[in-house]
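> what follows is a predicted protein model with its sequence.
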Amino acid sequence: MAPPFCGYDHTGASLMTELQRLTDLSRELGRPERELVILAEGNTSLRTSADHMLVKASGAALGSAQAEDFVEVPLGDMMDLLDNPSSDDATVDAAFQRLSGTRGRRPSVESMVHAVCQVDAGATVVGHTHPLAINGLLCSRNASVLASTVVYPEQIVVLGRKPVFVPYTDPGLALAREVRRRLLEHLAEDGVAPKIIYLANHGIFALGTSPGEVLRITEMAVKVSRIMEVGLAVGGLAPLDAEARERIDTRTDEQYRRAALDARG
Ligand SMILES: [Zn+2]
């Protein structure tokens, strides 16, 4: 395993800029009126190099995030923990303690899921929240409709054609391994990385290439969930059929709209 490396102590202009982008996104996600997180719920990450990411420290609140609330960790160390069959919660605890660095800020327990989103799915900015609107559905018997059903076109434009759904798993090593297993299955079947991962009885991971995209994915997921909750309550959902989904996903004007949204950062 690589030696401990806690990034922003060694500083540099670009790292400070990345830290600012991540702090701004975290505060935005943590705004109380969004109802995405309370207390120290949720976490964010941003890739800083091929081998490292900044990730929120355990116990920090997104809404009042400061630069000191993030830790830079080696992605290789996170993936080693997942790959090593002898890893257990004690191994993870020791590794995270080592990564706490001189400031004593310990990476979030969900850092390993962030590493999976970055290494296996190619995301460079990731936001994990427990949105009130989405968790209503995720904590219901109908949770899987969020990933299995498309009800309107914007859902595909922003959230992609096929999300990943993960049944309830305890946070930590077990959850990171289960997310990884389902993500790799999805990539083998679909060939396209998902934009969102739904965790039953827990929350969502938004996988983006910019802070703006993570925010858009999160906002659209909240909207889709609200629509579905109403649809289910008034007699059932009317999903778009496979032909319509394919048409929307590949239409030139929708691709143009996607590119225009992505250009906003
Ligand atoms: Zn969580």
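Received the coordinates, thanks. Not measured: the values here are computed from a predicted model.
> what about the closest residue to residue 212 other than its chain neighbours, distance to residue 144?
Residue nearest to residue 212 in three dimensions, not counting chain neighbours: residue 265, with 4.5 Å by CB to CB, 6 or more residues apart in numbering. Placement of C-beta: from N, CA and C, glycine included. Using CB to CB, to the nearest Å, residue 265 is found at 32 Å from residue 144.
> same check, this time on residue 151
In this view, residue 151 and residue 144 are 14 Å apart by CB to CB.
> likewise residue 80?
Taken as CB to CB, the span from residue 80 to residue 144 is 32 Å.
> check residue 37 too.
Residue 37 sits 23 Å away from residue 144, going by CB to CB.
> on that earlier part again, overlap of the contact sets of residue 151 and residue 144?
Listed as contacting both residue 151 and residue 144 by CB atoms under 8 Å, 6 or more residues apart in numbering is no residue at all.
> please enumerate the helices of the stretch 101-250 of the chain.
Remark: helices assigned in the stretch 101-250 of the chain by DSSP state H, counting those that start in this stretch are 111-119, 132-138, 145-148, 153-159, 173-190, 211-233, 242-250.
> export those helices to CSV and tack on mean neighbour count?
Below are the helices of the stretch 101-250 of the chain laid out as CSV (neighbours: other CB atoms under 10 Å):
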stretch, mean neighbour count
helix 111-119, 27
helix 132-138, 20
helix 145-148, 19
helix 153-159, 20
helix 173-190, 17
helix 211-233, 19
helix 242-250, 14
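> tell me which of those helices lies nearest to residue 94.
Smallest distance to residue 94 across these (CB to CB): 12.3 Å, for helix 173-190.
> got the CA coordinates for that closest one in PDB?
Extracted C-alpha coordinates of helix 173-190, given in PDB (Å, rounded to 0.1, in the frame of the first residue of the first chain):
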ATOM      1  CA  LEU A 173     -16.600  -2.100   3.100                       C
ATOM      2  CA  ALA A 174     -19.700  -4.200   2.500                       C
ATOM      3  CA  LEU A 175     -21.500  -1.400   0.700                       C
ATOM      4  CA  ALA A 176     -18.400  -0.400  -1.400                       C
ATOM      5  CA  ARG A 177     -18.000  -4.000  -2.500                       C
ATOM      6  CA  GLU A 178     -21.700  -4.400  -3.400                       C
ATOM      7  CA  VAL A 179     -21.700  -1.100  -5.300                       C
ATOM      8  CA  ARG A 180     -18.600  -2.200  -7.200                       C
ATOM      9  CA  ARG A 181     -20.100  -5.600  -8.000                       C
ATOM     10  CA  ARG A 182     -23.300  -4.100  -9.400                       C
ATOM     11  CA  LEU A 183     -21.500  -1.400 -11.300                       C
ATOM     12  CA  LEU A 184     -19.100  -3.800 -13.000                       C
ATOM     13  CA  GLU A 185     -22.100  -5.900 -14.000                       C
ATOM     14  CA  HIS A 186     -23.800  -2.800 -15.400                       C
ATOM     15  CA  LEU A 187     -20.700  -1.900 -17.400                       C
ATOM     16  CA  ALA A 188     -20.400  -5.400 -18.800                       C
ATOM     17  CA  GLU A 189     -24.100  -5.400 -19.900                       C
ATOM     18  CA  ASP A 190     -24.500  -1.800 -20.900                       C
END
